[in-house]
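**Q** heads up, no residue letters with this:
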């Protein structure tokens, strides 16, 4: 498998206290946050992504994602956290500190704007890392080539404002800890076909990009 050493994957998962349990496999943890936004949106998306990863990499995945609260120590059980929605996101100071400590310890957070979350998530990420800037990730970054190739950055699944898809991130000491997909709608592309009736090539592109994000998060 290009760009992924399964031994490293296993060791990193074990490091996170149970995200890979014998007989169970890797899973994604969806972040439940306060503020009124629909943290539960795209309900079929993560299960489909896990299935695609199992079929197209050497990573053995569970069938369903977990759900963790932003302020819970349970986030340490998972090397990959996923946060999405259409509306307001709010982190208390304790939740921001919990996320910061998790990320500095080697965790990874993927924020995926489902259209409408952008104006909230930027300020909340500032609570997590007050001194770090959210920057655009260059197209030659390993996240775009660690398994599948995306020479132009993240794919654009839905149009909305007609703006190009962007992959933004928070980098500290050379490590990408937070990856934010904006104007891309990856989660919509991961959903069951009948939800949005996206063309097959759009869904595959979304699933491939999701696979890259997971592979990158587990090997860096």
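**A** Okay, I see it. In this text the structure is predicted, and so the values were computed from the model without any measurement.
**Q** In this structure, what residue spans correspond to helices?
**A** Taking DSSP state H, the helices of the chain run over residues 6-15, 45-56, 93-104, 118-128, 186-190, 193-196, 200-219.
**Q** Please work out which of these is packed deepest.
**A** Most buried of the helices of the chain, by mean neighbour count (mean count of other Cβ atoms under 10 Å): helix 186-190, with a mean of 25. The way it works is simple: take the backbone N, C-alpha and C, and place the C-beta from them, glycine included.
**Q** Contacts for it next, please.
**A** 41-42, 44-46, 48-49, 84, 112, 114, 154-155, 157-158, 195-196, 198, 202-203, 205-207, 209-210 (Cβ atoms under 8 Å, 6 or more residues apart in numbering).
**Q** what sits against the residue lying closest to residue 155 once chain neighbours are set aside?
**A** Nearest non-adjacent residue to residue 155, counting by Cβ to Cβ, 6 or more residues apart in numbering: residue 205, 4.0 Å away. By Cβ under 8 Å, 6+ apart, residue 205 lies in contact with 155, 157, 189.
**Q** For residue 55, see how far away the second one is.
**A** So that's residue 157. As for residue 157, its distance to residue 55 is 20 Å (criterion: Cβ to Cβ, to the nearest Å).
**Q** Ends of stretch 155-173, what's the gap?
**A** This stretch, stretch 155-173, spans 27 Å end to end (Cα to Cα, to the nearest Å).
**Q** ok, of the helices of the chain, where does mean pLDDT dip lowest?
**A** Across these, helix 6-15 has the smallest mean pLDDT, namely a mean of 41.
**Q** what about residue 72, neighbour count?
**A** If you count neighbours by other Cβ atoms under 10 Å, residue 72 ends up with 15.
**Q** Distance of the residue nearest to residue 155 relative to residue 109?
**A** With the distance defined as Cβ to Cβ, residue 205 ends up 22 Å from residue 109.
**Q** For the residue nearest in space to the middle of the chain, which residues are in contact?
**A** Nearest residue to the geometric centre of the chain (Cα atoms, centre = their mean): residue 110, 2.8 Å. If a contact means Cβ under 8 Å, 6+ apart, then residue 110 has 80-83, 178-181, 213, 217 as its contacts.
**Q** Inside strands: which ones of those?
**A** Among those, the members found in strands (DSSP state E) are 80-83, 178-181.
**Q** Tell me the one of the residues you listed nearest residue 100?
**A** Checking the ones in strands among the contacts of residue 110 against residue 100 by Cβ to Cβ gives residue 178 as the nearest, at 10.3 Å.
**Q** who are the neighbours in contact with the closest one?
**A** 103, 108-111, 125, 128-129, 134, 169-170.
**Q** if you set the cut-off to 7 Å instead, what comes out?
**A** Going by Cβ atoms under 7 Å, 6 or more residues apart in numbering, residue 178 touches 103, 109, 111, 125, 169-170.
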